[in-house]
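**Q** Sequence plus the predicted model coming up.
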Amino acid sequence: MVCGKCATICGWLFLALGVVLLLKDLAIWDFWGINWWTGVIILFGLAHIGKGKCSDCQSCEMPTKKRR
């Protein structure tokens, strides 16, 4: 689970990556020659780093305990 602030930031980052990759596919802007999956992996990494540093995300998570 992520907080609303982090979800919004990740959404904007995915939108920006999508627009950049669309421009690459349309041969309007050829940037560094990265593949789409490289961009997604980088965004997932950034999202997990941000989630680990965000106090709101940390308070949203419920500790999981195993019941016997």
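**A** Happy to help now that I have it.
**Q** Please, where are all the helices along the protein?
**A** Secondary structure of the chain (DSSP state H): helices at 4-25, 36-53, 55-60.
**Q** TSV for those, including mean neighbour count and mean pLDDT?
**A** No exception for glycine: its C-beta is placed from N, CA and C like everyone else's. Formatted as TSV, the helices of the chain follow (neighbours: other C-beta atoms under 10 Å; pLDDT from 0 to 100):
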stretch	mean neighbour count	mean pLDDT
helix 4-25	13	85
helix 36-53	13	85
helix 55-60	12	76
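**Q** Now Asp56: closest residue in space, sequence neighbours ignored.
**A** Closest residue to Asp56 apart from its sequence neighbours, by C-beta to C-beta, 6 or more residues apart in numbering: Cys3 at 3.7 Å.
**Q** Give me the distance between the one you found and Ile49.
**A** For Cys3, the distance to Ile49 (C-beta to C-beta, to the nearest Å) stands at 15 Å.
**Q** I'd like to know how far the residue nearest to Asp56 sits from Leu15.
**A** 19 Å.
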